[in-house]
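Engineer: Sharing a model prediction with you, sequence too.
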Amino acid sequence: MATGTLNNQGLKRVRMRLITAVIVVFTLTCSGSFGMEDVVSSSGPGFTLLMIVILPFLWSVPMAFVASELASSIPEAGGLYRWIRRGLGEYWSFQGGWWWTLSLYVDSAVYVALALDYLQGYYEFSDLTRALIGIGVVAVFTFINIRGLDLTGWALTLIQIGVMVPLVVFTVLGLIRGTGDPFHPVFSGDGIWTSLTLGLAIMMWMYAGWESMSTLAGEIENPQRIIPRALMIGTPLVIITYVFTVAAAIMVAGDGGWANMWTGGGGIDFVEAAKIVGGATLGYFMLLSAVLSNLGLYAGYLATGARPAFQMSRDRLFPRFIGKTHKSWGTPWVAILIMGVVDGVLINFNFDALITIDVFLLMFAYILIFVTVIVLRNREPDMVRPFKVPLPTWALTIYVAIPIGIAIIALFINGIDWLIGGLIGILTGPVAYLIFKSVYKGTADEALEGSAVTPTGELTDFGAEVEGARL
């Protein structure tokens, strides 16, 4: 990737190759299959593989399609936040941006914590050492992100090579040497409903993230072309990765061994399965793959998670200093730095309660995205859409109703504590809007900075005339 010029927000656009964009999408939505072990033991091997194949077409493929259409027609910094603003207005865009950003703050810290858990379990170092390593990891990736998307892209490429090489070797050996039946039994033993409810939330999480790369649109050359293509290529890659790696792990665990598949120690996870089929050496490299997988997710979500807050600041709905860009590197360095500092603190806390709120917030933000694409189809039918979901609006409405329904079901199947905690998290959005709107006043729509796609497909920055009145 090569460095480009500054746009009217002070963000530097970089030339991102398609292969790099695909790696970014793959990182944000998959980064290996670690975590799928819990689905197998909860839902049964056959049903897990069935969900891996079917759920994407009901959950992640609709989001990939919708994100591609919206990212191609509204290729602006902040991505989903600006989509919702265009379709549903300032209030709902703030809610979506707030919920999604809070979710990513917790989510990104979880990945560092998981990487540290893997290392601490293997090397048995002290909690103080764990904390120092964690702060060091956060500091390194914070600097990489502030330095620019070009360096972030290279870092994610190297990380994914380290993730996938051991996984591919394990998968080949597992499919050849494994003796278990990957499709038997179909269910975990408690019936289809229990198998569905136990595994659905994890599976939805494993298939999330398709909207994330859109937040980088203000810093990528030709985002209206690159992002949809990367999503369309990345989607089948993720499905294929999950199918073959999980099938190999079930086969290595052996008949009945699937019931002992889980993460967190004491069970058969990918690291233990690698030791079974390839000895200590492959087990060591699989441990490295698991650590790198979580670090890749952290680096990717640190990049994408900071951008909506930056754009909300530019729209005068957040503290104005968050909207500052680095003079040399053209990145929203204050927003990235704040997220890094918060993550450095959160990695040392228990996440059980926070994760319940995290998933809840994300589901509500997803619902707003699906509603937005239908509203814009009806309100602005002539909007230039370099990528358009190949469905008429009525059919698209029916299609997005499916993931909306799945999201609503997921909100009510994980217990009353999860529901109450999530609702409390949701209610922080209206409160925050009242506070920030009263303090910073917001910005009139006609003064917003952003990008427009011309009928011939070029990307044009507009709003430069109001730059002098901004930060």
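Structural biologist: That came through fine. Since we're looking at a predicted model, the values are computed, not measured.
Engineer: Walking through the stretch 151-300 of the chain, point out its helices one by one.
Structural biologist: 192-206, 223-253, 270-314 (DSSP state H, counting those that start in this stretch).
Engineer: wait, residue 199 sits on residue 49?
Structural biologist: No - the criterion here is CB atoms under 8 Å, and residue 199 misses it with residue 49 at 11.2 Å. Placement of C-beta: from N, CA and C, glycine included.
Engineer: So these two - more neighbours on which side?
Structural biologist: The residue with more neighbours, out of residue 199 and residue 49, is residue 199; 24 against 21, by other CB atoms under 10 Å.
Engineer: ok, that one - contacts?
Structural biologist: Contacts for residue 199 (CB atoms under 8 Å, 6 or more residues apart in numbering) come out as 38-39, 42-43, 47-48, 51.
Engineer: That one: what's its closest spatial neighbour, skipping adjacent residues?
Structural biologist: Nearest non-adjacent residue to residue 199, counting by CB to CB, 6 or more residues apart in numbering: residue 43, 3.3 Å away.
Engineer: can I assume that neighbour is in contact with residue 193?
Structural biologist: No - counting by CB under 8 Å, residue 43 stays clear of residue 193, with 10.8 Å between them.
Engineer: Mind checking which of those two has more residues around it?
Structural biologist: When residue 43 and residue 193 are compared on other CB under 10 Å, the one with more neighbours turns out to be residue 43, at 28 against 10.
Engineer: Tell me the pLDDT of the more buried one.
Structural biologist: Note on residue 43: pLDDT of 90.
Engineer: show me what contacts it?
Structural biologist: Residues near residue 43 by CB under 8 Å, 6+ apart: 51, 187-188, 195-196, 198-199.
Engineer: Pull the most distant pair out of those.
Structural biologist: The span of the contacts of residue 43, defined through CB to CB, is set by 51 and 188 at 12.2 Å.
Engineer: Show the residue spans covered by the strands in the protein.
Structural biologist: Listed in chain order, the strands of the chain (DSSP state E) span 2-6, 12-15, 450-453, 459-462.
Engineer: Direction included, what does the third one pair up with?
Structural biologist: Pointing back at strand 450-453 there. According to DSSP bridges, strand 450-453 forms sheet pairs with strand 459-462 (antiparallel).
Engineer: So for the partner strand, mean pLDDT?
Structural biologist: 69.
Engineer: quick revisit: so which of the contacts of residue 199 sit within helices?
Structural biologist: 38-39, 42-43, 47-48, 51 (DSSP state H).
Engineer: okay, those in CSV with distance to residue 26 next?
Structural biologist: Listed next are these as CSV, based on distance: CB to CB, whole Å:
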residue, distance to residue 26
38, 21
39, 19
42, 25
43, 24
47, 25
48, 21
51, 20
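Engineer: which of the residues you listed has the most neighbours?
Structural biologist: That'd be residue 48 among the ones in helices among the contacts of residue 199, by other CB under 10 Å, with 32 neighbours.
Engineer: so it sits right up against residue 246, yeah?
Structural biologist: Yes - assessed by CB under 8 Å, residue 48 is found in contact with residue 246 at 6.5 Å.
Engineer: Mutual contacts of those two, please.
Structural biologist: Common neighbours of residue 48 and residue 246 (CB under 8 Å, 6+ apart) are 36, 40.
Engineer: Now for the residue sitting nearest the centre point of the chain: which residues touch it?
Structural biologist: For the chain, the residue nearest the mean C-alpha position is residue 209 (3.0 Å; CA atoms, centre = their mean). Taking CB under 8 Å, 6+ apart, we find residue 209 in contact with 28-29.
Engineer: Now do the helices in the stretch 301-450 of the chain.
Structural biologist: Using DSSP H, counting those that start in this stretch, helices in the stretch 301-450 of the chain cover 333-346, 352-379, 393-412, 416-440.
Engineer: and of these, who's closest to residue 84?
Structural biologist: It is, among the helices of the stretch 301-450 of the chain and with distance given as CB to CB, helix 352-379, at 5.1 Å.
Engineer: Averaged pLDDT, the closest one. What do you get?
Structural biologist: Average pLDDT, helix 352-379: 87.
Engineer: Could I get the buried residue list for that helix?
Structural biologist: 354-374, 376-377 (16 or more other CB atoms under 10 Å).
Engineer: try stretch 55-68
Structural biologist: Using 16+ other CB under 10 Å as the test for burial, stretch 55-68 gives 55-56, 59-68.
Engineer: between those residues, which is nearest residue 203?
Structural biologist: After measuring the buried residues of stretch 55-68 against residue 203 - CB to CB - the closest member comes out as residue 55, at 5.7 Å.
Engineer: Make sure that closest one is actually in contact with residue 203.
Structural biologist: Yes - counting by CB under 8 Å, residue 203 is a contact partner of residue 55 at 5.7 Å.
Engineer: can you list the weak-confidence ranges in the stretch 1-150 of the chain?
Structural biologist: The model of the stretch 1-150 of the chain has pLDDT under 70 over residues 1-5, 8.
Engineer: Which residue ranges of it form helices?
Structural biologist: 18-29, 36-43, 45-58, 60-73, 80-88, 90-123, 127-147, 149-177.
Engineer: The ones you listed: which one's closest to residue 424?
Structural biologist: helix 90-123 (11.7 Å).
Engineer: So for the closest one, what gets flagged as buried?
Structural biologist: Quick answer for helix 90-123 (16+ other CB under 10 Å): 90, 92-119.
Engineer: what do you get for stretch 74-92?
Structural biologist: 74-88, 90, 92.
Engineer: before we move on, what about stretch 388-408?
Structural biologist: 388-389, 396-397, 399-400, 403-404, 406-407.
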